[in-house]
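Student: Need a 3D model of the sequence below.
(chains A and B)
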Amino acid sequence: MADIKIDIVAPERQLLSAEADSVSVPGTEGYFTVMGEHAPMMSMLKPGFITVVTDDRPDIYYVRGGFAEVSPEGLVILAEEAQPIREFDRPRIETAIQEARDAMVAAETDRDKWGAELVVISLENLLIEAATLEPGSIAH
Amino acid sequence: MPSLKDLKNRISSVRSTQKITKAMQMVAAAKFKRAEEAAEAARPYATRMAAMTRALGIDYAGRPDLPKLLAGTGSDRTHLLIVMTAERGLCGGFNSSIARMARDHANRLIAAGKTVKIMTIGKKGNDVLRRLFKDRIVETITLRDVRQIGYANAEALGEKIVARFAAGEFDVATLFYSRFNSVISQEPTALQIIPAYVDEGENEVLSYEFEPSEHGILAEILPRNINVQIFAALLENGAGEMGAKMSAMDSATRNAGDMIDKLTLSYNRRRQAQITKELIEIISGAEAL
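Tutor: Residues are numbered from 1 along each chain as shown, chains lettered A, B, ... in the order given. Predicted coordinates for the structure are as follows:
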């Protein structure tokens, strides 16, 4: 099985550049998993989690939307905003949820409202997910 | 001939100038570190984004329903030059080299009979270009109050540009900024951002699959690409400005040092000459007795 080259970049920095066995990506049409020699594709991302699996060990990143491109060179994630979830802690997620809720109330168009709602949902998932992950990965 | 007192005053004046340039160099060095890191960190995203837009352009080329941001309006009559410079001077030839490149480009376009509009971001470029192209400047933006450039600044600028494009004010937009190579080398660069796709031949066509749809992705990615390129350019400029300021202030400090040495030498010479003169006067006075 071929490895896939994965790059996760956010506007301010490059988060990851590595080889992985498989990568799950939150596409707007649903999660999809990319492995080596995947056909070229481009997808928009919705807020959610990228799971990078290397040697059966998952490494999880939170993204807040962006784009994914699969080409023969590998998978490139251009995230609007991304964070490895080990960098999150509970108060920060809670603040982020509150901010997203405020944005949802303040949104003028349905589209913005929907976008903000997705962020809220994904962050709430992050909170739930955080509890199930290996203990100590997120500070309570 | 300057008197001893004059020389002394000049030495102390040069010395205080040297203190200022030295302090400015140190401030620039401190800011430079951060600016350089920010510029380097933002580079991968901008390059990837440009590459992705380009891949979309190749895939899309030749189709009838091309978005205008990608393929242009079909004409190239009106050009918008977006000239990004620093807000402050005292950084060597940094600002003038960007302004010069934009000026040459504008003159070439004017000579070719095109309409040129100029948007300046940063005070220094505006100072230079206003003198030459007063009535062609459509907007001046300063980022003087911005302490640290964030993506939001670039987003605001990008929105302005896209709005002007949507209003049909221009066909082609080019960004002028300085690419940061090192402290001593910044390279003025012109980057065409609208239309985003330029046919350069040698296109490897990959048949991508799109989710949700090619149009949907394009509608999102094109304005975003503009913001990202502006953001990267702002950061490159930031690092370049501080680098240029560092080396300009470093040579200023060194020159001031040379000048102090020279002035001190002539001060000492004059002092010695005066002492000798006084001695001669005393001795010859004593002899006359």
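
Student: So the residue in chain A sticking out farthest from the centre versus chain B, what's the distance?
Tutor: The centre of chain A is farthest from one residue, A:E108, which by C-alpha atoms, centre = their mean lies 25.6 Å away. Counting by C-beta to the nearest C-beta, to the nearest Å, the gap from A:E108 to chain B is 15 Å. The way it works is simple: take the backbone N, C-alpha and C, and place the C-beta from them, glycine included.

Student: Tell me where the model's unsure across chain A.
Tutor: For chain A, the stretches with pLDDT under 70 are A:1-2, A:130-140.

Student: just the strands in it please.
Tutor: Under the criterion DSSP state E, chain A contains strands at A:4-9, A:14-20, A:22-27, A:30-35, A:41-54, A:57-71, A:74-79, A:82-84.

Student: Work out the gap between the fourth one and the centre of the chain.
Tutor: On the basis of C-alpha atoms, centre = their mean, to the nearest Å, strand A:30-35 is displaced by 12 Å from the centre of the chain it belongs to.

Student: Just want the angle from it to strand A:4-9.
Tutor: 130 degrees (axes from the mean of the first three to the mean of the last three C-alpha atoms, to 10 degrees).

Student: Check which helices and strands strand A:30-35 is in contact with.
Tutor: Contacts defined by 3 or more C-beta pairs under 8 Å, 6 or more residues apart in numbering or on different chains; DSSP states H and E place strand A:30-35 against strand A:22-27.

Student: How far off centre is the strand it packs on?
Tutor: Its chain's C-alpha centre and that of strand A:22-27 lie 8 Å apart, by C-alpha atoms, centre = their mean.

Student: What residues does B:I110 make contact with?
Tutor: With contacts defined as C-beta atoms under 8 Å, 6 or more residues apart in numbering or on different chains, B:I110 is in contact with B:V116.

Student: Show me the chain divided up by domain.
Tutor: With no chain named, the answer covers chain A. Following automatic domain parsing, chain A resolves into domains at A:4-85, A:88-132.

Student: I was thinking of chain B, sorry if that wasn't clear
Tutor: According to automatic domain parsing, the ranges for chain B are B:4-20+B:249-288, B:31-248.

Student: taking those domains together, which one is wrapped up most tightly?
Tutor: domain B:31-248 (a mean of 18; mean count of other C-beta atoms under 10 Å in any protein chain shown).

Student: Looking at the domains of chain B, spot the one closest to A:I4.
Tutor: A:I4 lies closest, by C-beta to C-beta, to one member of those: domain B:31-248, at 15.9 Å.

Student: what about the closest one, start to end distance?
Tutor: Domain B:31-248 has an end-to-end distance of 15 Å (criterion: C-alpha to C-alpha, to the nearest Å).

Student: For it, what is the distance to the chain centroid?
Tutor: Here domain B:31-248 is found 12 Å from its chain centre; the criterion is C-alpha atoms, centre = their mean.

Student: longest helix of the chain?
Tutor: Chain wasn't specified; assuming chain A. Of all the segments of type helix in chain A, defined by DSSP state H, the longest one is helix A:110-132.

Student: think we crossed wires, I meant chain B
Tutor: Ranking each helix of chain B by length (DSSP H) puts helix B:214-288 first.

Student: Quickly check: that helix near chain A or not.
Tutor: Yes - Helix B:214-288 reaches chain A (C-beta under 8 Å from any C-beta of the partner chain) through B:E214, B:G216, B:I217, B:E220, B:I221, B:V228, B:F231.

Student: chain center to that helix, what's the gap?
Tutor: Its chain's C-alpha centre and that of helix B:214-288 lie 19 Å apart, by C-alpha atoms, centre = their mean.

Student: what do you get for stretch A:84-100?
Tutor: Distance of stretch A:84-100 from the chain centroid (C-alpha atoms, centre = their mean) equals 14 Å.

Student: anything in it near chain B?
Tutor: No - judged by C-beta under 8 Å from any C-beta, stretch A:84-100 stays clear of chain B, getting no closer than 14.4 Å.

Student: which parts of that stretch are buried?
Tutor: Neighbour counts over stretch A:84-100 (16 or more other C-beta atoms under 10 Å in any protein chain shown) mark A:I85, A:R86, A:F88, A:I93, A:A96, A:I97, A:A100 as buried.

Student: Now for the residues you listed: which two are most distant?
Tutor: Pairwise distances across the buried residues of stretch A:84-100 peak at 21.0 Å for A:R86 and A:A100 (criterion: C-beta to C-beta).

Student: how about the residues of the stretch 51-200 of chain B near chain A?
Tutor: So far as C-beta under 8 Å from any C-beta goes, the stretch 51-200 of chain B lies against chain A at B:M52, B:A55, B:L56, B:Y151.

Student: Could I get the full set of helices for chain B?
Tutor: B:4-60, B:68-71, B:94-111, B:123-132, B:151-166, B:214-288.

Student: between those, which one is nearest to A:P47?
Tutor: Comparing the helices of chain B by their distance to A:P47 (C-beta to C-beta), the top pick is helix B:214-288, with 14.2 Å.

Student: quick check: mean pLDDT across the closest one?
Tutor: If you average the pLDDT over helix B:214-288, you get 92.

Student: Could you check the angle it makes with strand A:57-71?
Tutor: Here the directions of helix B:214-288 and strand A:57-71 differ by 100 degrees (the same axes, to 10 degrees).

Student: winner for burial among the domains of chain A?
Tutor: With neighbours defined as mean count of other C-beta under 10 Å, those peak in mean count at domain A:4-85, which reaches a mean of 19.

Student: Can you report how many residues neighbour B:K22?
Tutor: Neighbourhood size, B:K22 [other C-beta atoms under 10 Å in any protein chain shown]: 17.

Student: isn't it right up against B:N255?
Tutor: No - counting by C-beta atoms under 8 Å, B:N255 is not a contact partner of B:K22; they are 11.8 Å apart.

Student: who in chain A is up against chain B?
Tutor: Contact residues (C-beta under 8 Å from any C-beta) of chain A with chain B: A:7, A:9-14, A:27-29, A:32, A:39-44, A:67, A:69, A:71-72, A:76, A:78.

Student: now B:T276: how far from B:A233?
Tutor: 63 Å (C-beta to C-beta, to the nearest Å).

Student: B:L66 reaches B:Y60, doesn't it?
Tutor: Yes - contact criterion C-beta under 8 Å: B:L66 and B:Y60 qualify, at 6.1 Å.

Student: Could you state which residue of chain B sits nearest its centroid?
Tutor: What sits nearest the mean C-alpha location of chain B, by C-alpha atoms, centre = their mean, is B:T85, with 3.8 Å.

Student: ok, now which ones touch that one?
Tutor: By C-beta under 8 Å, 6+ apart, B:T85 lies in contact with B:F94, B:N95, B:I98, B:A99, B:T120, B:I121, B:G122, B:K123, B:K124, B:G125, B:N126, B:N237.
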